[in-house]
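Novice: Take this sequence and fold it.
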Amino acid sequence: MPDTLDWDDWEQRLALHWADFGRIDAGMFVERLDALAAELPHGDPVGLFERASAQDSLGHEANAAPLYRQALAGGLTGIRRRRATIQLASTLRNLGQIDESITLLEAERTMPSDDLDDAVAAFLALSLVDAGRAREAAGLALGRLARHLPRYNGSLRRYADALLPDA
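Specialist: Numbering: from 1, shown residues only. So this is what the prediction gives:
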């Protein structure tokens with residue numbers, strides 16, 4: 001590993017590698033991503049997150065979950081922290097750990113707003129459905145959708161709110 005890493009170069013090479021996802025053999029994809037992560041200091045949360053994302057993208061949720069947890073525990077920050085939380089919650093849902101998925105996503109909804117707010121709500125809605133809370137899931141999803149409609153925003157928002165448990 002070089003003494004100093006050109007972070008912009010590393011990020012660019014990472015983006016190019018992700019652009020190859022689905023176009024190269026899965027084993028080769030993971031091997032190359034692991035090599036990129038190995039350029040970072042051992043245990044670097046960004047490297048752990050990227051490795052988790054690769055495992056998750058290939059359907060290896062059981063391999064991804066501990067890597068996401070390590071990345072988050074290691075101090076992952078910024079948009080990657082939020083992505084890791086969403087992706088971990090989705091992974092946990094797929095592994096049948098619905099309650100923990102819901103807990104993570106409900107906590108994430110209290111974080112400062114950004115362009116991933118709708119993703120948080122969408123994955124929370126999926127977990128709520130799996131938890132037998134389909135009415136609440138529909139209210140949440142429709143409430144988020146209402147903001148994007150060219151018309152009927154107010155009506156749909158009121159109908160969506162009526163589906164939520166506090167209504």
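
Novice: Please work out which residues outside stretch 13-33 touch it.
Specialist: Outside stretch 13-33, the residues that touch it by Cβ atoms under 8 Å, 6 or more residues apart in numbering are 36, 50, 51, 54, 55, 57, 58. Every C-beta, even on glycine, is put in place using the N, C-alpha and C of the backbone.

Novice: ok, 7 Å please
Specialist: Contact partners of stretch 13-33, identified using Cβ atoms under 7 Å, 6 or more residues apart in numbering, comprise 36, 50, 51, 54, 57, 58.

Novice: Also stretch 53-63?
Specialist: So stretch 53-63 is in contact with 21, 26, 29, 30, 33, 64, 67, 87, 91, 94, 95, going by Cβ under 7 Å, 6+ apart.

Novice: Go through it and flag the buried ones.
Specialist: 53, 54, 55, 56, 57, 58, 61, 63 (16 or more other Cβ atoms under 10 Å).

Novice: So what's the gap between that stretch and the chain middle?
Specialist: Distance, stretch centre to chain centre, for stretch 53-63: 12 Å (Cα atoms, centre = their mean, to the nearest Å).

Novice: Dump the C-alpha coordinates for it into PDB.
Specialist: What follows is stretch 53-63, C-alpha atoms only, in PDB (Å, rounded to 0.1, in the frame of the first residue of the first chain):
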ATOM      1  CA  SER A  53     -21.900  -3.700  -0.900                       C
ATOM      2  CA  ALA A  54     -20.300  -6.100  -3.300                       C
ATOM      3  CA  GLN A  55     -21.300  -9.100  -1.300                       C
ATOM      4  CA  ASP A  56     -24.900  -7.800  -0.900                       C
ATOM      5  CA  SER A  57     -25.100  -7.000  -4.600                       C
ATOM      6  CA  LEU A  58     -24.300 -10.600  -5.400                       C
ATOM      7  CA  GLY A  59     -27.000 -11.900  -3.000                       C
ATOM      8  CA  HIS A  60     -24.500 -12.900  -0.300                       C
ATOM      9  CA  GLU A  61     -26.400 -11.200   2.500                       C
ATOM     10  CA  ALA A  62     -24.900 -13.300   5.300                       C
ATOM     11  CA  ASN A  63     -21.400 -12.200   4.200                       C
END
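
Novice: can you tell me which of the contacts of stretch 53-63 are in helices?
Specialist: Of the positions in the contacts of stretch 53-63, 26, 29, 30, 33, 64, 67, 87, 91, 94 sit in helices, assigned by DSSP state H.
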